[in-house]
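S.K.: can you look at this prediction? I've put the sequence above it.
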Amino acid sequence: QSVNGLIMTLRSMPQPVIASIEGSAAGFGISLVAACDLAIASDQAVFSLAYCHIGASPDGGASWHLPRSIGMKRSMELVLLGDRFDANSAERIGLINRVVGAEDLSQATHQLAMSLVQGPAAILATSKQLLNQSYAQSLEEQLVAEQAAFINGMLGAEFAEGVTAFCEKRRPDFVKISRP
């Protein structure tokens, strides 16, 4: 149950969650990567969903997240064959967002995190929620949800700061708005 709780926590957090993969992500490690919102990996990272090699089925939401992020055929390949693959392959199939040199992973992860921290926190949370709920909604329902979120956002301080900064030809300072 604690494994399921961890995955549910990652998905329900309003803040974006970043996976930073340095070495090997195998089995449940891939479930964690797939559950995160963004993923960055070292060019030395390796991946394998090798449950089939030990007579087990996937856990940690892998059977739910993978088809949604990399497609059914790729998911079947990972689950049914359990082959190892490198970071470049993980990026190519959409499991991760980017690959960096091993020596640059920590700094690149920090830069990615800082980009999110400096963004409009409430809008990032709303955007994450919209993307998460899109799996269970029809297009019409999603359009209504987007419209409501957009209107609500327009009434907020983050939108005001973004528009003001645009007009003043400067970068918006969402940190002062979102985190007083």
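M.R.: Yes, it's here.

S.K.: quick check: closest non-adjacent residue to A35.
M.R.: For A35, ignoring the flanking residues on the chain, the nearest one in space by CB to CB, 6 or more residues apart in numbering is L10 at 4.6 Å. Using the backbone N, CA and C atoms, a C-beta is placed for each residue, glycine as well.

S.K.: same question, S63
M.R.: Computed as CB to CB, 6+ apart, the closest residue to S63 that is not its neighbour in sequence is V79, at 7.2 Å.

S.K.: repeat that for T126.
M.R.: Closest residue to T126 apart from its sequence neighbours, by CB to CB, 6+ apart: A149 at 5.0 Å.

S.K.: pretty sure the one you found is touching L130, no?
M.R.: Yes: between A149 and L130 there is a contact under CB atoms under 8 Å: 5.9 Å.

S.K.: show me what contacts Q129?
M.R.: By CB atoms under 8 Å, 6 or more residues apart in numbering, the contact set of Q129 is 14, 149.

S.K.: so it, which state does it fall into?
M.R.: Three-state secondary structure (criterion: DSSP: H, G, I helix; E, B strand; the rest coil) places Q129 in helix.

S.K.: can you read off the pLDDT for it?
M.R.: pLDDT recorded at Q129 is 95.

S.K.: worst-scoring helix or strand of the protein, pLDDT-wise?
M.R.: Evaluated with mean pLDDT, DSSP states H and E, the helix-and-strand set of the chain has its lowest mean pLDDT in helix 174-178, which scores a mean of 81.

S.K.: how far does that one sit from its chain's centre?
M.R.: Between the mean C-alpha point of helix 174-178 and the mean C-alpha point of its chain there is a distance of 22 Å (CA atoms, centre = their mean, to the nearest Å).

S.K.: how about stretch 101-115?
M.R.: In this view, stretch 101-115 has its centroid 15 Å away from the chain centroid, taken as CA atoms, centre = their mean.

S.K.: and if you look at stretch 168-180?
M.R.: Here stretch 168-180 is found 24 Å from its chain centre; the criterion is CA atoms, centre = their mean.

S.K.: in the helix or strand hosting I151, what's buried?
M.R.: Using DSSP states H and E, I151 sits within helix 139-154. The neighbour-count check on helix 139-154 (16 or more other CB atoms under 10 Å) flags 142, 145, 153 as buried.
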